[in-house]
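Asks: sequence and computational prediction follow.
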Amino acid sequence: MMDLYIGDDGMKTATFGAGCFWGVELAFSQQEGVVETAVGYSGGQAPNPTYEMVCGGQTGHAEVVEVKYDPSIIAYEQLLALFWSVHDPTTLNRQGPDVGTQYRSIIMAHNEEQAELARASRKAMDQSGRFSNKIVTEIVPASEFYRAEEYHQKYLEKKGLRNCH
């Protein structure tokens, strides 16, 4: 499992997929302690995928948000809490009107500590009664992150929108 999630500047990295990456990016970018977000593709087998390739469902990649954060301001557990609040983790390969494996609920752990925290968080959420169905969120080791095309970065912010739908 990768442990390159601590940058030279002391910032850490977290990666989440929760449906269409535009709204997820906006939610994370507004958190105090998050210093940078980027949308992209990860978790599949095709190198250097494009949006069209990912939407075609042949790459295996999910739409994800890479979050760089300052752990002295915001904890990984707080990022997990936000992750659970911005989507329905009980729907397999679907968020709202978006359907396909690229929209799956996924946490990509950059080290064993993140994986353990994510598993504990998923278990607590499943037992909380907050969701009427079982959580289907995958927790997997982080893999290569491919930054999405520039027009996808900060998309909602650029358009002056607050959500995707």
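Replies: Right, received. Where do you want to start?

Asks: low-confidence ranges, this structure, go.
Replies: Scanning the chain for pLDDT under 70 picks out the ranges 1-7, 163-165.

Asks: do a quick rundown of the helices in it.
Replies: For the chain, the helices defined by DSSP state H cover 21-29, 51-55, 76-85, 112-128, 155-159.

Asks: just the strands from this structure, written as ranges.
Replies: Remark: strands assigned in the chain by DSSP state E are 12-18, 34-42, 62-69, 94-95, 98-99, 105-109, 138-141, 146-147.

Asks: sorry, back to before: in CSV, list the helices of the chain along with mean neighbour count and distance to Glu66.
Replies: To be clear about C-beta, it is placed using only N, CA and C from the backbone, and glycine gets the same treatment. Converted to CSV, the helices of the chain look like this (neighbours: other CB atoms under 10 Å; distance: least, CB to CB, whole Å):
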stretch, mean neighbour count, distance to Glu66
helix 21-29, 23, 9
helix 51-55, 16, 15
helix 76-85, 18, 12
helix 112-128, 16, 13
helix 155-159, 14, 15
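
Asks: same list (these) but as JSON lines, adding distance to Ala62.
Replies: Listed next are the helices of the chain as JSON lines, based on distance: least, CB to CB, whole Å:
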{"stretch": "helix 21-29", "distance to Ala62": "9"}
{"stretch": "helix 51-55", "distance to Ala62": "8"}
{"stretch": "helix 76-85", "distance to Ala62": "13"}
{"stretch": "helix 112-128", "distance to Ala62": "15"}
{"stretch": "helix 155-159", "distance to Ala62": "17"}
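
Asks: out of those helices, which gets nearest to Thr15?
Replies: helix 112-128 (9.2 Å; CB to CB).

Asks: against which helices or strands is that closest one packed?
Replies: helix 76-85, strand 105-109, strand 138-141 (3 or more CB pairs under 8 Å, 6 or more residues apart in numbering; DSSP states H and E).

Asks: so for Ala148, which of the ones you listed sits nearest?
Replies: Per CB to CB, nearest to Ala148 of these: strand 105-109, 15.2 Å.
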